[in-house]
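okay, sequence plus prediction incoming.
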Protein chains: 2
Amino acid sequence: MSSPTSRHPPNDHDEERRSTRKRRAILEAATTVFLHNGYVGTSMDEVAALAAVSKQTVYKHFTDKEHLFSEIVISTVNEASDPTYAEVLKLQDSGDVEADLRNLGRRLLARVMQPRLLQLRRLVIGEVGRFPELGRTFYERGPGRTVLALGAAFERLAERGVLQLDDPLLAAAHFNWLIVSIPLNQAMLWGQDEPPAPADLDRYVDTGVRVFLAAYGHC
Amino acid sequence: MSSPTSRHPPNDHDEERRSTRKRRAILEAATTVFLHNGYVGTSMDEVAALAAVSKQTVYKHFTDKEHLFSEIVISTVNEASDPTYAEVLKLQDSGDVEADLRNLGRRLLARVMQPRLLQLRRLVIGEVGRFPELGRTFYERGPGRTVLALGAAFERLAERGVLQLDDPLLAAAHFNWLIVSIPLNQAMLWGQDEPPAPADLDRYVDTGVRVFLAAYGHC
């Protein structure tokens, strides 16, 4: 039995869903166009055409090109960073810190090395002279947030006697960069977006955790 | 007494010196313009004007904008990387590896954090989709070269029983990124070019060396 309201003129709820759908289509299209053409090379016309909406609709949702770019940076970085944040919170209760750091490191590195995030990171770095706030947003919602959460977990692990450290935030930064630096900095300059082979990623994580625990583990 | 030749028409040697001087002036001007305007925003007219030479002279020396940009990347990275390379070669004979790693780390980090090199690194990362070879050149003449040299020195130090390691290149990459990752990755995204305070740089180096030696030092 079809609902009688489905043949009525659109109500507020339908309107809202359509708006959300259009917004998502615009973000999706804009990400593709920005990553392909760069910031300067992107036109709102092209974004509207790819999203199959009018240019007016694009402006209604995102004000201007700068706001649209900012939304893309925030949503892409949050998507990669949210699950890591949630996992790090559980780390403080770890019963096997080496195994848990390895598992966390694997997932953290896989997320950091996602092609879209690598491409966006390059674009933000290249445009940071023009948009310093976007670079800071990327940092604060990405590696900065991961390091803050890790710092809190490491502090608790030190209180429990599982780790030995004076400066939880520095230890957290060491952990983060021991895991991601080698493949990330290579990808930034080599320009390749395909993730390294799984065996290489495992090696970066396992050896990074080994170095970290040699310095911060309980002897 | 002035040389009689100084009033003669220019000879080959004078010609060569003038050409070298012009070449240097063009490179200097082009670096300024590229770093200020980005690759797309740079015109050969502007470079010629700032170098106070004709546009024909710019083309005679560097063929086109792409070659000019490539020359700048190579010479700027070499300038930072050459002295590190020379110092690393001496490391293998170290009688006090902790002190020598700290000294080396301080100089390495100071060179990596030079404003011009940071700006150029951002520009190359942002343009790597268009110029993948320039990114590879930056990598190979910069961090890649440092890691290769460190790997050879660490291998010799392991043979002497000063370090303990299975994989000298991996240990070298860990050392390099333990020293530079925190301030470098921050600078890439924050967009600030002033080097961090000397006390902060010292802290990154000293704690990086401590972590490295906990993992790879002789117990």
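Perfect, I can see it now.

can you give me the helices in chain A?
For chain A, applying DSSP state H gives helices covering A:12-37, A:44-51, A:55-62, A:65-91, A:97-112, A:115-126, A:132-141, A:143-159, A:168-190, A:198-216.

and of those helices, who's closest to chain B?
Minimum separation from chain B across those (C-beta to the nearest C-beta) falls at helix A:115-126, 1.6 Å. Any C-beta I mention is one placed from the backbone N, CA and C, and that applies to glycine too.

do that closest one and chain B meet?
Yes. Helix A:115-126 is in contact with chain B by C-beta under 8 Å from any C-beta of the partner chain, via A:Gln119, A:Arg121, A:Arg122, A:Leu123, A:Val124, A:Ile125, A:Gly126.

in JSON lines: these, plus neighbour count and pLDDT.
As requested, the residues of helix A:115-126 next to chain B are exported to JSON lines (neighbours: other C-beta atoms under 10 Å in any protein chain shown; pLDDT from 0 to 100):
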{"residue": "A:Gln119", "neighbour count": "20", "pLDDT": "95"}
{"residue": "A:Arg121", "neighbour count": "24", "pLDDT": "97"}
{"residue": "A:Arg122", "neighbour count": "26", "pLDDT": "96"}
{"residue": "A:Leu123", "neighbour count": "23", "pLDDT": "95"}
{"residue": "A:Val124", "neighbour count": "29", "pLDDT": "96"}
{"residue": "A:Ile125", "neighbour count": "24", "pLDDT": "96"}
{"residue": "A:Gly126", "neighbour count": "22", "pLDDT": "94"}
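
hang on, the earlier thing: B:Ser70: which of the helices of chain A is closest?
helix A:168-190 (14.4 Å; C-beta to C-beta).

tell me what angle the closest one forms with helix B:115-126.
Helix A:168-190 and helix B:115-126 are oriented at 60 degrees to each other (axes from the mean of the first three to the mean of the last three C-alpha atoms, to 10 degrees).

close to chain B, is helix A:168-190?
Yes. Against chain B, helix A:168-190 shows contacts by C-beta under 8 Å from any C-beta at A:Leu170, A:Ala173, A:His174, A:Trp177, A:Leu178, A:Ser181, A:Ile182, A:Asn185, A:Gln186, A:Met188, A:Leu189, A:Trp190.

picking up where we left off before, dump the helices of chain A to a markdown table, plus distance to B:Lys55.
Shown next, in a markdown table, are those (distance: least, C-beta to C-beta, whole Å):
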| stretch | distance to B:Lys55 |
| --- | --- |
| helix A:12-37 | 29 |
| helix A:44-51 | 33 |
| helix A:55-62 | 39 |
| helix A:65-91 | 33 |
| helix A:97-112 | 44 |
| helix A:115-126 | 27 |
| helix A:132-141 | 33 |
| helix A:143-159 | 44 |
| helix A:168-190 | 31 |
| helix A:198-216 | 47 |
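
what does stretch A:139-149 contact?
Residues from elsewhere that reach stretch A:139-149 (C-beta atoms under 8 Å, 6 or more residues apart in numbering or on different chains): A:74, A:77-78, A:80-81, A:84-85, A:88-89, A:108, A:169, A:172-173, A:176, B:185-186, B:189-190.

just the buried members of the residues you listed?
The neighbour count (16 or more other C-beta atoms under 10 Å in any protein chain shown) marks A:77, A:80-81, A:84, A:88, A:108, A:172-173, A:176, B:185-186, B:189-190 as buried among these.

farthest-separated two in the residues you listed?
A:Val88 and B:Trp190 (22.4 Å).

what lies in contact with stretch A:171-178?
By C-beta under 8 Å, 6+ apart, the residues outside stretch A:171-178 that reach it are A:101, A:105, A:108, A:143, A:146-151, A:153-154, A:163, A:165, A:208-209, A:211-212, A:215-216, B:174, B:177-178, B:181-182, B:185, B:207-208, B:211.

what comes up buried for stretch A:131-141?
Going by 16+ other C-beta under 10 Å, stretch A:131-141 has these buried residues: A:Phe131, A:Leu134, A:Gly135, A:Arg136, A:Thr137, A:Phe138, A:Tyr139, A:Arg141.

now it: average pLDDT?
For stretch A:131-141, mean pLDDT rounds to 93.

off-centre distance for it?
Stretch A:131-141 sits 12 Å away from the centroid of its parent chain (C-alpha atoms, centre = their mean, to the nearest Å).

would you put the C-alpha positions of that stretch in PDB?
Provided in PDB are the C-alpha atoms of stretch A:131-141 (Å, rounded to 0.1, in the frame of the first residue of the first chain):
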ATOM      1  CA  PHE A 131      44.900  29.400   2.300                       C
ATOM      2  CA  PRO A 132      46.900  29.100   5.500                       C
ATOM      3  CA  GLU A 133      43.700  28.300   7.500                       C
ATOM      4  CA  LEU A 134      43.000  25.200   5.400                       C
ATOM      5  CA  GLY A 135      46.400  23.800   6.100                       C
ATOM      6  CA  ARG A 136      45.900  24.300   9.800                       C
ATOM      7  CA  THR A 137      42.500  22.700   9.600                       C
ATOM      8  CA  PHE A 138      44.000  19.700   7.800                       C
ATOM      9  CA  TYR A 139      46.700  19.500  10.500                       C
ATOM     10  CA  GLU A 140      44.400  19.900  13.500                       C
ATOM     11  CA  ARG A 141      41.700  17.500  12.300                       C
END
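
please name the spatially closest residue to A:Ile182 (chain neighbours excluded).
Once flanking residues are discounted, A:Ile182 sits nearest to B:Ala173: 5.1 Å by C-beta to C-beta, 6 or more residues apart in numbering or on different chains.

tell me the confidence at that neighbour?
We note a pLDDT of 98 for B:Ala173 in this prediction.

check A:Asn37 too.
pLDDT, A:Asn37: 89.

same check, this time on A:Asn11
Here, the pLDDT recorded for A:Asn11 equals 78.

and for A:Ser3?
Here the pLDDT value assigned to A:Ser3 is 50.

also the one 5 residues further on?
A:His8 carries a pLDDT value of 63.

contact partners for A:Glu28?
Contacts of A:Glu28 (C-beta under 8 Å, 6+ apart): A:Ala51.

please report how far A:Tyr204 lies from B:Pro168.
Look at A:Tyr204 and B:Pro168: by C-beta to C-beta, to the nearest Å, they are 16 Å apart.
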